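Q: 3D model of this:
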Amino acid sequence: MSRDTERPVTAVLGPTNTGKTHLAVERLCGHSSGMIGFPLRLLAREVYDRVVRIKGANQVALITGEEKIVPKDARWFLCTAESMPLDRDLAFVAVDEAQLGADPERGHVFTDRILRARGREETMILGSEALRPMLKALVPGIDILNRPRFSTLSYAGARKISRLPKRSAIVAFSAEEVYAVAEMLRRLRGGAAVVMGALSPRTRNAQVAMFQAGEVDYLVATDAIGMGLNMDVAHVAFASLDKFDGHRQRRLTVAEMAQIAGRAGRHQRDGTFGALVEQGPGAFTPEEVLAIEEHRFPRLDFLYWRDGAPDMSSIDALVESLEARPAERVLRAAPQSIDLAVLKRLAQEDWVRDRVRSPAMVARLWAAAGLPDFRKLGVDPHARFVGRLFGHLSEGHGHVPHSWFAEEIARLDNVAGDVETLAGRIASARSWAYIANRPDWLADPAHWAERTRAIEERLSDALHLGLTQRFVDKRTTMLLRQIGNDRGALPVVIGPEGEVMVEDHPIGRLDGFRFTVAADARHSDKRLLLAAAERRLGDERARRGEALAGAAEAALALDDSDRPAILWEGLRVAELRPGPTLVRPRVTLDRALDCLDRALQAKVRTRLETWLADQLVRRVPGLVALDETQRAPDATSSLRAVAAALVGGGGIIPRAGVAAAVDTLDPPARKQLRAIGVTIGALDLFDARLLKPGPARWRRMLIAARAGEAPGAGPPDGAAVLDHNAPGARLTDGFRPLGAQAVRVDLVDRIARAAHDARAGRKPFAPDPALATSIGVMPETLQRLMAALGFRTAPAQDGAPRWVWRGVVRAKAAPPPRDNAFAALAGLRTTHG
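A: Residues are numbered from 1 along each chain as shown. So this is what the prediction gives:
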């Protein structure tokens, strides 16, 4: 593991508002050259602008993934941590927010900088006090200084949005929640500025300028403000204390809470923090409050690591070194990040391996895989984009075609659309800006970097205008005038038909567990109404979940109007999906029930599974018994084979498919099948109960659930014979096709018995056609059936058709088991349970 242990290193640790970044900038400017690595592009840009004012633009460089300003005489560099050029010989080097080495997604980058980023004369590591044991273990001889906070940070309790003091920042953890809170503030307090990490520096600066100038008194932000972005904030209010960290929804750690809360107060001015609710998951615990106020947090006991200088001799060597485990006890191998996932995905392509046969091409492939997923598409779509990119980088002159690049950025050069659309275009533009700022990916990178910068600026200006128009408005409405921060502050009333009212204003409907905003609500209101109702309808949904978990049998039903589903009081609450066997389908809760907590979801699922199992025992007992038989360890192999085939066919199968197994059934096995209700007919094996309308409907739904589709149309109730193209005229629905007609399998068996009872050995005979005629079987159909049963025609007598038993051609020479006279004569005896 490469590291620099010879040059002295100083660490400056402490909470927010201790002037650590200001100290680093002073030290940077005091040296002949230097560099600072920051966690955010926004912060790098902020400090870059400050240093430019001190040193002049011709001597200061900015290096981020999407933006590079590197003058010929640059001596001072402000970078994102990922973009720090570690090969430069500089007098001073600093790494900001180094405690991010414990972050699963980006931690390996900060750990690498702690280990390898060194200045010729001075190195400074900035971070929280929690980092101290890690630095002592990883950087021998490090000099650690502690910086106390300049001002006091105290807990101000929970306050409603309508009662937040001016100069407050409200922190949320998703774009949707940020927009919802900003909309509330627009209606209640005249407007708010919006700051998110995904914003371009230009948009962010314009929004902050509004706040700093007093045009708005409130700021709504993501946790990006916790990373050193400096604003004149007096109070920080948490809209929630949970965030999605890329893998799961979790509560913030105390250190994360303190990092964000510490933005309140600047220099000698004290600050306060609080929540929007007094109780529940969104409220601070007394222990958390005490730890934040006294700046006492658990020390880190490990950092994430990945080889910062991997082996580029081959693709496999590169992957191996990136997946290598660290030797130090305090380091852990970093979870697989998207760049490594993309690399491994591309390494599976033959064309990639054909082109990557030198260390230089390995390095080029790794550089392409490092393109960030700005659009948050996920591994597969992003890997396809990177694959196309690398295809160009690895052929010809190794440049991205101008035509492709120009077409893509021209498509993005459009300032029309809402806030979300513009933000999406900026995210896409960042990908192309990243490409343009690579020195050897384009024939004319400077030209295209300027083009992408201009497009991003135009989109940023449009986004700032869109944010301002949407979230800065002096008008307020009756609807949200009394919205507070706790559940009881919004008077939500649910009517008998599911209508949701706020102060007699209809805002939508709650159908079961799904809330839908009223169709006549303004487009700009919908997100706010949805967010407000979603939070405040949680108790009602939980109540309904408990009711469903204890639902009576009469309240549940099976629905076959679409894919088989379970209904609760007419509401679709679960779907049947393929399970281990036909009669053991998997119960999958409807997505509307995702609003319930996991424990309650488990209770609901258990209740529905129990109900379904009870219904199957009642409705299709033969199938349930066959399923148990096929798994019975004491059953013979022939019996298990027949039972498994019957379960797979839904209790009705052609005998020909299991003839070998049927032939080897011993008398006890045949008796067991009769007890279950199975008829071993001349042509088919079936459970006659499944031909009745009720069980037949359940059988069709089980088959549809296994296929993952809606049940097909079944035969009419009580039908005996169907036209060959009528719905249900197939063996899977219990009807054997015989030419122009299809005859129900139990009636086929009755006709077969009557024929064999009427014959005398192999002499010609004329069967009584009364049974066939009475059920509507045409002569042509009867003729086909007789042939299928093993008879051939004989000369007619007195105009009546006659038949001769010709036997059955069997696959096995061994004689079949003989249950009775019919089996002895035909070799295919009908057994009735």
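Q: Skipping adjacent residues, who's closest to the residue nearest the centre of the chain in space?
A: By CA atoms, centre = their mean, the chain has its centre lying nearest to residue 247, at 9.5 Å. Nearest residue to residue 247 in three dimensions, chain neighbours excluded: residue 104, at 7.4 Å (CB to CB, 6 or more residues apart in numbering). From N, CA and C alone the C-beta is placed, and that goes for glycine too.
Q: Which of the three states applies to that neighbour?
A: Of the three states, residue 104 takes coil under DSSP: H, G, I helix; E, B strand; the rest coil.
Q: tell me the contacts of it?
A: Listed by CB atoms under 8 Å, 6 or more residues apart in numbering, the contact set of residue 104 reads 245, 246, 247, 304, 334, 335.
Q: can you pull out the helices in the stretch 701-833 of the chain?
A: Shown for the stretch 701-833 of the chain, the helices assigned by DSSP state H, counting those that start in this stretch span residues 745-758, 770-774, 779-789, 821-826.
Q: try the stretch 451-600 of the chain
A: For the stretch 451-600 of the chain, the helices defined by DSSP H, counting those that start in this stretch occupy 523-536, 538-549, 598-619.
Q: tell me the average confidence for whichever helix or strand comes after the last one?
A: The C-terminal neighbour of helix 598-619 among helices and strands, as given by DSSP states H and E, is helix 621-630. Helix 621-630 shows a mean pLDDT of 93 in the predicted model.
Q: and the direction of the following helix or strand past helix 621-630 versus that of helix 621-630, what angle?
A: For helix 621-630, the succeeding helix or strand toward the C-terminus, using DSSP H and E, is helix 637-648. Between helix 637-648 and helix 621-630, the angle comes out at 140 degrees (axes from the mean of the first three to the mean of the last three CA atoms, to 10 degrees).
Q: rewinding a little: tell me the buried residues within the contacts of residue 104.
A: Buried members of the contacts of residue 104, scored by 16 or more other CB atoms under 10 Å, are 304, 334.
Q: between the contacts of residue 104, which is nearest residue 548?
A: Set against residue 548, the nearest of the contacts of residue 104 by CB to CB is residue 247 (29.3 Å).
Q: Assign residue 660 to helix, strand or coil.
A: At residue 660 the chain is in helix, as set by three-state DSSP.
Q: That one - how many residues pack around it?
A: Other residues within reach of residue 660, judged by other CB atoms under 10 Å, total 12.
Q: quick one: it and residue 601, what's the gap?
A: Between residue 660 and residue 601 the distance is 46 Å, computed by CB to CB, to the nearest Å.
Q: Residue ranges in the stretch 351-500 of the chain under the pLDDT threshold?
A: By pLDDT under 70, the weakly predicted segments of the stretch 351-500 of the chain are 473-492.
Q: which residues of it fall in strands?
A: With DSSP state E, counting those that start in this stretch applied, the stretch 351-500 of the chain shows strands at 492-494, 499-502, listed in chain order.
Q: So what touches stretch 216-225?
A: Applying CB under 8 Å, 6+ apart, the contact partners of stretch 216-225 are 40, 42, 164, 166-175, 178, 181-182, 185, 189-197, 207-208, 210-211, 231, 233, 243, 256, 259-260, 263, 471-472.
Q: can you count the residues close to the closest residue to residue 782 other than its chain neighbours?
A: The spatially closest residue to residue 782, leaving aside those adjacent along the chain, is residue 772, at 4.9 Å (CB to CB, 6+ apart). Residues contacting residue 772 under the criterion other CB under 10 Å number 23.
Q: Next: residue 389.
A: Using other CB under 10 Å, residue 389 is surrounded by 18 other residues.
Q: likewise the one 5 residues further on?
A: If you count neighbours by other CB under 10 Å, residue 394 ends up with 17.
Q: and it, what does it touch?
A: 352, 355, 356, 361, 364, 365.
Q: quick one: which of those residues is most hemmed in?
A: Of all the contacts of residue 394, residue 365 has the most neighbours under the rule other CB under 10 Å, reaching 25 neighbours.
Q: In this structure it contacts residue 343, no?
A: Yes - the criterion here is CB atoms under 8 Å, and residue 365 meets it with residue 343 at 7.0 Å.
Q: Surely residue 105 and residue 336 touch.
A: No - counting by CB under 8 Å, residue 105 does not reach residue 336; the two are 10.3 Å apart.
Q: thinking again about what came up before, can you tell me which of the contacts of residue 104 end up in strands?
A: Judged by DSSP state E, the subset of the contacts of residue 104 located in strands is residue 304.
Q: wait, which of the contacts of residue 104 is closest to residue 669?
A: Using CB to CB, those come closest to residue 669 at residue 247, 52.5 Å.
Q: Need the pLDDT of the closest one.
A: At residue 247, the pLDDT value in this model is 74.
Q: Look up phi and psi at it.
A: Dihedral angles of residue 247 (phi, psi; degrees, to the nearest 10) stand at phi -130, psi -40.
Q: From what I see, residue 318 and residue 309 are in contact.
A: No - counting by CB under 8 Å, residue 318 does not reach residue 309; the two are 11.1 Å apart.
Q: More neighbours: those two, which one.
A: More neighbours surround residue 318 than the other of residue 318 and residue 309, with 24 against 11 (other CB under 10 Å).
Q: That one and residue 360: what is the separation?
A: Note on residue 318: its distance to residue 360, by CB to CB, is 13 Å.
Q: pretty sure residue 293 is touching residue 254, no?
A: No - under the contact definition of CB under 8 Å, residue 293 does not touch residue 254, with a separation of 11.1 Å.
Q: quick revisit: among the contacts of stretch 216-225, which ones are in strands?
A: Cross-referencing these against strands under DSSP E gives 168, 169, 170, 171, 193, 194, 195, 243.
Q: how about a markdown table for those residues, with distance to residue 83 added?
A: As requested, the ones in strands among the contacts of stretch 216-225 are exported to a markdown table (distance: CB to CB, whole Å):
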| residue | distance to residue 83 |
| --- | --- |
| 168 | 33 |
| 169 | 28 |
| 170 | 31 |
| 171 | 27 |
| 193 | 27 |
| 194 | 26 |
| 195 | 22 |
| 243 | 25 |
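Q: can you list those residues in JSON lines and add neighbour count?
A: Formatted as JSON lines, these follow (neighbours: other CB atoms under 10 Å):
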{"residue": "168", "neighbour count": "25"}
{"residue": "169", "neighbour count": "27"}
{"residue": "170", "neighbour count": "23"}
{"residue": "171", "neighbour count": "29"}
{"residue": "193", "neighbour count": "29"}
{"residue": "194", "neighbour count": "30"}
{"residue": "195", "neighbour count": "25"}
{"residue": "243", "neighbour count": "19"}
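Q: And those, which two are furthest apart?
A: Maximum distance among the ones in strands among the contacts of stretch 216-225 (CB to CB): 21.1 Å, for 193 and 243.
Q: hmm, back to that, now which of the contacts of stretch 216-225 would you call buried?
A: Those of the contacts of stretch 216-225 that meet the buried threshold are 40, 42, 164, 167-173, 178, 181-182, 185, 189-197, 207-208, 210-211, 231, 233, 243, 256, 259-260, 263, 471-472, by 16+ other CB under 10 Å.
Q: lowest-confidence helix or strand of the protein?
A: Ranked by mean pLDDT, DSSP states H and E, the weakest helix or strand in the chain is helix 821-826, scoring a mean of 30.
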